[in-house]
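Enquirer: Would you be able to build a 3D model of this:
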Amino acid sequence: MQSYIKDIRKDGKRCFTALDIVEQFHVSHSHARVALHRLLKTGDVISPARGLYVIVPPEHQPHGSIPAQELVPVLMQYLGANYYVALLTAGLFHGATHQKPSRFQVISDKRIKHPLAFGDVEIDFIYKKSISRLPTQDFVVSTGYLKIATPELVALDLLNYPNHAGGLNHIATVFSELIEKLDAVKLINLAKDIDAEHQLQRIGYIIEHIEVVDDNDAEVIINALAPYVTMRKQKYLPLASEIPKTGYPRCKKWRIIENAEIESDL
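Expert: Numbers count the residues shown, from 1 in each chain. Prediction:
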């Protein structure tokens, strides 16, 4: 088995299946399971899905797994699932580094009930029914291409999934760094496409009330979003959806009920 792993790695392969072992060594499924169990115990492989075995090279064995960004493309291809790296993790790829999540965050159209955990590597899966048409960018990793949410999708997802983003202050911190990558036109068009125009009110309000890396970038976003919100005559929204909205002042410009204070951690 050790020789087999070395040989397939030379061919550039990073994983194999239980069926591959049965066919390669002409053994029964029970014999294959015994051999694979030994490899799992020694840390030479991990099994992120039934029947799939991912090789863990010696340099990664102290961490218990290959890095999450290398594991995700292998796993998603095996499962036949659409996915993209999302939320705080996606923010890291776009330069928003101050809010590093404890888990690697992935949105997928396949239900994966529990987070994956192998040593230091933890992956959190969030289910979304339809994601195939959402905008992503491909980042090259050693196991292929990793699909990352665009900055505009990151911004909208952070507000659509606040419980996975650590709350408003964490979101504000990401916005303060993400602002350099946001395109106002793309943001507005995406919000329309996914029926999330209401989140433009929160985005505009947050950006206007925090310290940002570049004031000019913030001004461009604000000058694009504010007229759009006014034109659409959106309903008033609470800044924090989980907090009661009665008895708080209102911001007419963004049509926001100011039921929370926000502060970037920068």
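Enquirer: Quick one: residues contacting Tyr78.
Expert: Cys15, Ala49, Leu52 (CB atoms under 8 Å, 6 or more residues apart in numbering). In this view, the C-beta of every residue, glycine as well, is placed from N, C-alpha and C.
Enquirer: Quick one: neighbours of the first one, just the number.
Expert: Going back to what we said before, that points to Cys15. Per other CB atoms under 10 Å, the neighbour tally for Cys15 reads 21.
Enquirer: Where does the residue lying closest to it once chain neighbours are set aside sit, in terms of helix or strand?
Expert: Nearest non-adjacent residue to Cys15, counting by CB to CB, 6 or more residues apart in numbering: Val54, 4.6 Å away. Assigned by DSSP states H and E, Val54 falls within strand 52-55.
Enquirer: ditto for Ala155
Expert: helix 151-160.
Enquirer: now that helix: mean pLDDT?
Expert: In this model, helix 151-160 has an average pLDDT of 97.
Enquirer: residues of it that come out buried?
Expert: Pro151, Glu152, Leu153, Val154, Ala155, Leu156, Asp157, Leu158, Leu159 (16 or more other CB atoms under 10 Å).
Enquirer: likewise stretch 105-118?
Expert: In stretch 105-118, counting by 16+ other CB under 10 Å, buried: Gln105, Val106, Ile107, Ser108, Ile112, Leu116, Phe118.
Enquirer: ok, back up a step: quick one: name whatever helix or strand follows the strand holding Val54.
Expert: Criterion used, DSSP H and E; the element after strand 52-55 is helix 68-79.
Enquirer: I'd like the average pLDDT over that next one.
Expert: Averaged across helix 68-79, pLDDT comes to 96.
Enquirer: Show the contacting residues for Ala152.
Expert: One thing to correct before we go on: residue 152 is Glu, not Ala. Counted by CB under 8 Å, 6+ apart, Glu152 has contacts Pro135, Leu182, Asp183, Lys186, Leu187, Leu190.
Enquirer: What is the most widely separated pair among those residues?
Expert: By the measure CB to CB, Pro135 and Leu182 form the most distant pair in the contacts of Glu152, at 12.6 Å.
Enquirer: how far does stretch 55-67 stretch from start to finish?
Expert: Across stretch 55-67, the terminal residues are separated by 12 Å (CA to CA, to the nearest Å).
Enquirer: Residues touching it, excluding its own?
Expert: For stretch 55-67, the external contacting residues (CB under 8 Å, 6+ apart) are 5, 8-9, 13-16, 43-46, 54, 71, 118-121, 143.
Enquirer: Same question for stretch 224-236.
Expert: By CB under 8 Å, 6+ apart, the surrounding residues in contact with stretch 224-236 are 184-185, 187-188, 197-198, 200-201, 203-204, 250, 253-257.
Enquirer: So for it, what gets flagged as buried?
Expert: Ala224, Leu225, Ala226, Tyr228, Val229, Gln234.
Enquirer: same thing with stretch 57-68?
Expert: Neighbour counts over stretch 57-68 (16+ other CB under 10 Å) mark His60, Ser65, Ile66, Ala68 as buried.
Enquirer: And for stretch 92-102?
Expert: Leu92, Phe93, His94, Ala96, Gln99, Pro101.
Enquirer: how about the residues you listed in CSV, adding pLDDT, secondary structure and distance to Val22?
Expert: Below are the buried residues of stretch 92-102 laid out as CSV (pLDDT from 0 to 100; DSSP: H, G, I helix; E, B strand; the rest coil; distance: CB to CB, whole Å):
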residue, pLDDT, secondary structure, distance to Val22
Leu92, 95, helix, 40
Phe93, 94, helix, 38
His94, 95, coil, 43
Ala96, 88, coil, 46
Gln99, 73, coil, 45
Pro101, 84, coil, 38
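Enquirer: quick check, nearest of the residues you listed to Val34?
Expert: Of all the buried residues of stretch 92-102, Val34 sits closest to Pro101, with 37.4 Å by CB to CB.
Enquirer: before we move on, the earlier item: reformat the buried residues of stretch 224-236 as a markdown table; add pLDDT, distance to Lys129 and secondary structure.
Expert: Output for the buried residues of stretch 224-236, formatted as a markdown table (pLDDT from 0 to 100; distance: CB to CB, whole Å; DSSP: H, G, I helix; E, B strand; the rest coil):
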| residue | pLDDT | distance to Lys129 | secondary structure |
| --- | --- | --- | --- |
| Ala224 | 96 | 30 | helix |
| Leu225 | 96 | 27 | helix |
| Ala226 | 95 | 32 | helix |
| Tyr228 | 94 | 27 | helix |
| Val229 | 93 | 28 | helix |
| Gln234 | 79 | 25 | coil |
